[in-house]
Structure formats: C-alpha cells, structure tokens
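1. compute the structure for the input listed below.
(one chain, ligands or ions: 2)
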Amino acid sequence: MSDEKRQAALDYHAKPIPGKLSVEVTKPTQTAKHLAMAYSPGVAEPCREIAKDPENAYRYTGKGNLVAVVSDGSAILGLGNLGPLASKPVMEGKGVLFKRFAGINAVDVEVEADSPQAFIDTVANIANTWGGINLEDIKAPECFEIEAALKSRCSIPVFHDDQHGTAIVTAAGLLNALDIAGKTLDAARIVCLGAGSAAIACMKLLIECGAKAENIFMLDRKGVIHSGRDDLNEYKAQFATETELRTLDDAIDGADVFVGLSGPDLLKPEQLKKMASDPVVFACSNPDPEIHPDLARETRSDVIMGTGRSDYPNQVNNVLGFPFIFRGALDVRASAINEAMKIAAVHALKDIAREPVTQEVLEAYELDSLEFGRGYIIPTPVDSRLLEKIPAAVAQAAVDSGVATRPYPAHYPLKSVKDIYG
Ligand SMILES: O=C([O-])CC(=O)C(=O)O
Ligand SMILES: [Mg+2]
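-> Ligands and ions are numbered 1, 2, ... in the order given. Here you go, the predicted model:
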C-alpha cells in the first residue's frame, strides 16, 4: 500500500473519534419517568419475565438482533497470528458490515485464551445472551474443533465466517465464472493454494455443489497434499489426492481454476501462463492477493479474476455472505446455520449477478454500465438486492430443513435495513 493510502487508512480509523462503531440508545431517556423505566425500578419487570421464560429475552432485550464477532486473533486476514488486541479493527469492521448491510447489531469480542478449550469455554459461557456467534480469524486446525464444540454447546447459530462465509461467496462466484468460461464445475480442474480454514471449507462446499474431489489439488506450505504424505492433520487428509504432482508449478499446469487463500504474491505470471484457456483466478488473500489483478490481466487477457478487495472488480469476499446469512437465520430464529442454508445462499448470490445492475450500484462504483461477464461475476456489497434475496433464501431453507423455530417472516422480502423489525 502506498504511504498515502496507508496514512488515509490510519486516519480513517483514528478520526474524528477512535474506532468504527458506537452504541445507540433506542428508547426515550429525557425524563425521570423514562429513566425509571429504562433503569431502576422499571428494568426489574423484564428481568422477572425473562427469568420466568427465557423466550422473553427476544421480546425485552436486543438479543434477537445481536451477534458477537468473536476472535482470538490467531489468523487475522492473511496477516497471521497478531493476537486478540490487533484483531480488533477487523472485528469492529465486521460489526460495521453487519450493521450497514443487514441492520444487525454486532459487537466485537476478542478473547485471550491459552488453549482451544479455554476459548470454547469462554464463548460457550457467554453465548446464550446473543442472537448468534460469528467466529472470525481463528487459525486452522483449531478453528474446526472450536466451531464443532460451540455448535454442539450453543442453541444459537455459530458460524465461522472465514470458513463458510468465504466458501459461499467463492462457490457463487466460481459457478458464474465457469459459466462465462463455458466450463462446468464437475469437469473443472481446481488448484487451491492454502490449506487453512477458508481453503478447506471452500473445497468442501465446492464438492457439495458438484466439483469432483479427484479434480481438486490443495497445497499447503509443503506443496501438494497427496496420499503419500504422512504429515497431514485429519482436515487436510480429506483432500489428499493420489497424484505425482508435488509443487504449484506442477499442479497449475492445465488447471481451470486457481483459488488462493494463502498469502501475497504466491502465484507467479509464469504459473498463470500455464493454466487452461479462460482461467479463473480467485486470489483472495487479504489484504494482498496471491497475484495482483493488474499483473494477472497483463499476463493473460483471457483471465477471469477476482480478489477479496473492495478496490478491484469481482470482490470475492465474505462480506457478501455473513451479514445476509445471519439476517435470515436470526429472523426465523434458526438454531443453526446448516448446509441447506449455505447452499441456498450460494444460489441466491449467484443469481443476483445475472440480473441487470441497478442504478444504485452504478453510482456507488462511479460506472456508466456494468453487465454480467468477466468484469462482473458477483454482486457488489452495496447492492440492496442482497438484503432482499439472500435472507429470504436462507430463511426459507431454515424453515424447510427444520432448524427454524419461527415461521418464514411475514415482512420479507426486505427492501432496506429500515424494514428489519417488520
Ligand atoms: O476480512 C476480510 O476482508 C475477509 C476475511 O474474513 C479475511 O480475510 O479473514
Ligand atoms: Mg476473516
């Protein structure tokens, strides 16, 4: 990043007040009467009601629209393990996106824990007063154990965004990109650089969407994950292929798709040149992609390119997923976010990109026109149809798959965040 952009980003976070989030009061508080209701003695009444029936928490507190964004800072973006405190700008940022795009109140919770069990216990012990738990930037393989344990201990949705948010958006973008390339997921040869939480979840979801496991080559720092390796944890071992390929150079030869969930500048122009025609390259390491989109396009004019960033076309980033998926899950008070809900989100997201782009989007991106094609395979985050379509698809899937504890919302589809309370 240039010095100028770096300083602008720091100033944005520092001024006029530090941070990006604030808390707002939703009830009148001007008079003594108001205060006597907001606080003692009036506040005792909802306490008694909730003690009688926990369901009343949804009526008398903000629980139903409140998500905890929880991290231990062990895998912050593609920056690595910088610890809980340094993860706070990202977690506040997720809160900003939850609120801006889906009207959800989200508060960051950074946990200092010296073991996965300590982290699990901390989160499980506070979970019940939230509407949902969004786990963020927790390193693999610990994130898998943490998510599984929390899902079994909590009756509210627990969702590891880096796994499932990223996977949903990647799958939606990839289905569209392959279509534009005249290819299909079941025949695509896919190279996944990275074997962390996002990589493993993305490849799992792609297989659920039709990709063939034998066509997927996943690489960790030591190279291709193959069946002859004896240094694989159980999560990576699921992707071990029977192959002679060992390096990225080997695997990329003739590949249709490159999904990068690793680190900056790890895909070289010479490697991109070896990919099949109309290669799909999702270089999703944040903030710096595996190959810069300008360099990729200079190298191959037929590349269909996505990154995780807001400042380039085709932003394949979980911002297109988590706000809207939680919106749908909260609104039917789902007990979990299951596979059916994730797949419903993939298709809703994918289909929006195929509809004409709205004026609102053109203005936000200062464009005269934008059409489904190489430069536009996935909707932009400012598209209000995300709020209209994704929560509706997710809520319906929750109802159909039996995890909703409330019916499909009568006030759906949502036209704006102002409509969220019906
Ligand atoms: O925050 C982002 O831009 C996407 C994300 O979850 C990550 O990179 O960990
Ligand atoms: Mg993340």
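2. the nearest residue to V316 once chain neighbours are set aside bridge partners, please.
-> The shortest distance from V316 to any non-neighbouring residue, by Cβ to Cβ, 6 or more residues apart in numbering, is to G306 (4.0 Å). Where you see a C-beta, it was placed from the backbone N, CA and C, and this is true even at glycine. Beta-bridge partners recorded for G306 (DSSP bridges): F282.
3. surely H226 meets L245?
-> Yes: if you go by Cβ atoms under 8 Å, H226 and L245 touch, sitting 7.2 Å apart.
4. thinking again about what came up before, confidence score at the residue nearest to V316?
-> Per-residue confidence (pLDDT) for G306: 97.
5. mind checking how far it is from ligand 2?
-> Going from G306 to ligand 2 by Cβ to the ion, to the nearest Å gives 16 Å.
6. show me the helices in the stretch 1-150 of the chain, by range?
-> Here the stretch 1-150 of the chain has its helices, by DSSP state H, counting those that start in this stretch, at 3-14, 32-38, 44-52, 56-60, 83-86, 88-102, 116-126, 142-153.
7. export the third one as CSV, just CAs?
-> Looking back up the chat, that one is helix 44-52. Taking C-alpha atoms only, helix 44-52 is exported to CSV below (Å, rounded to 0.1, in the frame of the first residue of the first chain):
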residue,chain,number,x,y,z
ALA,A,44,-36.8,-5.2,37.1
GLU,A,45,-40.0,-6.1,35.2
PRO,A,46,-38.4,-7.5,32.1
CYS,A,47,-35.8,-9.3,34.3
ARG,A,48,-38.6,-11.1,36.1
GLU,A,49,-40.3,-12.0,32.8
ILE,A,50,-37.1,-13.4,31.3
ALA,A,51,-36.4,-15.4,34.5
LYS,A,52,-39.9,-17.0,34.1
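8. check contacts around the closest residue to ligand 1 within the stretch 151-300 of the chain.
-> Proximity to ligand 1, evaluated over the stretch 151-300 of the chain using Cβ to the nearest ligand atom, is greatest for N286 at 3.6 Å. Taking Cβ atoms under 8 Å, 6 or more residues apart in numbering, we find N286 in contact with 77-78, 308-309, 317.
9. now distance to V357 and neighbour count too, for the residues you listed, in CSV please.
-> As requested, these are exported to CSV (distance: Cβ to Cβ, whole Å; neighbours: other Cβ atoms under 10 Å):
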residue, distance to V357, neighbour count
L77, 28, 17
G78, 29, 21
G308, 21, 27
R309, 19, 19
N317, 18, 23
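10. so H411 lies in a helix, does it not?
-> No: counting by DSSP: H, G, I helix; E, B strand; the rest coil, H411 is not part of a helix but coil.
11. so it sits against D419, correct?
-> Yes: under the criterion of Cβ under 8 Å, H411 makes contact with D419 at 6.3 Å.
12. please report how far L349 lies from ligand 1.
-> Distance from L349 to ligand 1, counting by Cβ to the nearest ligand atom, to the nearest Å: 15 Å.
13. kindly report the same for A8.
-> Noted for A8: a distance of 18 Å to ligand 1, by Cβ to the nearest ligand atom.
14. neighbours around H13, how many?
-> H13: 12 surrounding residues under other Cβ atoms under 10 Å.
15. for it, which residues are in contact?
-> 19-20, 89.
16. of those, which are in range of ligand 1?
-> With the criterion set as Cβ under 6 Å from any ligand atom, no member of these is near ligand 1.
17. what subset of the residues you listed is buried?
-> Taking 16 or more other Cβ atoms under 10 Å as the criterion, nothing in those is buried.
18. just checking, A395 touches I337?
-> No: look at A395 against I337 with Cβ under 8 Å: they stay out of range, at 11.2 Å.
19. from the middle of its chain, how far away would the lengthiest helix in the chain be?
-> Using DSSP state H, we find that the single longest helix of the chain is helix 385-401. Chain-centre distance of helix 385-401: 16 Å, with Cα atoms, centre = their mean, to the nearest Å.
20. so which elements touch it?
-> Judged by 3 or more Cβ pairs under 8 Å, 6 or more residues apart in numbering; DSSP states H and E, helix 385-401 is in contact with helix 88-102, helix 322-331, helix 339-353.
21. of these, which is nearest K274?
-> Relative to K274, the nearest member of the helices and strands packed on helix 385-401 by Cβ to Cβ is helix 339-353, separated by 28.1 Å.
22. and that closest one, what does it pack against?
-> Under the contact definition 3+ Cβ pairs under 8 Å, 6+ apart, helix 339-353 sits against helix 166-180, helix 197-208, helix 322-331, helix 385-401.
23. quick one, which of those gets closest to A68.
-> helix 322-331 (11.0 Å).
24. who has more neighbours, H411 and D419?
-> Taking neighbours as other Cβ under 10 Å, H411 and D419 compare with D419 leading, 14 against 11.
25. excluding chain neighbours, what is closest to D253?
-> Leaving aside its sequence neighbours, D253 sits nearest to K274 (Cβ to Cβ, 6+ apart; 4.8 Å).
26. quick check: the one you found touching D250?
-> No: in this structure K274 lies outside contact range of D250 using Cβ under 8 Å: 9.7 Å.
27. hmm, back to that, reformat the helices and strands packed on helix 339-353 as JSON lines; add mean neighbour count, mean pLDDT and distance to F239.
-> Below are those laid out as JSON lines (neighbours: other Cβ atoms under 10 Å; pLDDT from 0 to 100; distance: least, Cβ to Cβ, whole Å):
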{"stretch": "helix 166-180", "mean neighbour count": "26", "mean pLDDT": "98", "distance to F239": "14"}
{"stretch": "helix 197-208", "mean neighbour count": "25", "mean pLDDT": "97", "distance to F239": "6"}
{"stretch": "helix 322-331", "mean neighbour count": "29", "mean pLDDT": "98", "distance to F239": "24"}
{"stretch": "helix 385-401", "mean neighbour count": "23", "mean pLDDT": "98", "distance to F239": "26"}
